[in-house]
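Asks: Sequence isn't available, so here's the structure alone:
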């Protein structure tokens, strides 16, 4: 499913000539942390946060507080992991979506993006979790894939879970086989084995952490 199918259009951005009271009323009616704003030419200007909005004088115009706008957004072609990162960086639960011509298309909700994270094969498919480590200049994903597949494993997902100036840790989700032979092969290729989990308990732990991220961003 395309991420653009999750774009929501049930909130029309406020005009910068709207009253602050209109903005405050929206926040009282909704659970969003931010509300998008556009100008008279339908150009997206940014978002006001709920925290700021309740500090504004209700009889004034939004245009008098443009300095407080937060200018975050994603494109309709932005990958979902980058969208999730944008949510985290901006501590928001609503993310405006623009096309390449900077036309406002709607917004994503944080809960929808989190659900995609939990429904990805990395979480939903049965398999084992393996965390490996190697020098920052010595590992390669092509080699990692070759090691897994040469042992009849199926690589369901991989990401760099820790990195410093010398070492990189890579977390792998592997299906179709046990981990023992794969672990031994990684050792022969001079990878350090940080941890290996045959069961799905580790996946449940990661899910709990993603739920914690959702709760944190909704604070």
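Replies: Structure received. Keep in mind that this is a model prediction, so the values were computed, not measured. Residues are numbered from 1 along each chain as shown.

Asks: What residue spans form the domains of the chain?
Replies: Under the assignment automatic domain parsing, the domains of the chain span 3-117, 127-199.

Asks: Let me have those in a markdown table, extended by mean neighbour count and mean pLDDT.
Replies: Placement of C-beta: from N, CA and C, glycine included. Listed next are the domains of the chain as a markdown table, based on neighbours: other C-beta atoms under 10 Å; pLDDT from 0 to 100:
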| stretch | mean neighbour count | mean pLDDT |
| --- | --- | --- |
| domain 3-117 | 16 | 92 |
| domain 127-199 | 16 | 89 |
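
Asks: and the gap between residue 68 and residue 91?
Replies: Between residue 68 and residue 91 the computed distance is 15 Å (C-beta to C-beta, to the nearest Å).

Asks: An error on my part: the question was meant for residue 69.
Replies: Noted for residue 69: a distance of 15 Å to residue 91, by C-beta to C-beta.

Asks: mind listing the helices for the chain?
Replies: For the chain, the helices defined by DSSP state H occupy 20-29, 50-53, 80-90, 110-119, 121-124, 141-150, 180-188, 201-217.

Asks: Could you export those helices to CSV, including columns for distance to residue 132?
Replies: Formatted as CSV, these follow (distance: least, C-beta to C-beta, whole Å):
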stretch, distance to residue 132
helix 20-29, 47
helix 50-53, 43
helix 80-90, 21
helix 110-119, 22
helix 121-124, 16
helix 141-150, 8
helix 180-188, 6
helix 201-217, 14
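
Asks: Before I go, just wanted to say thanks for your time.
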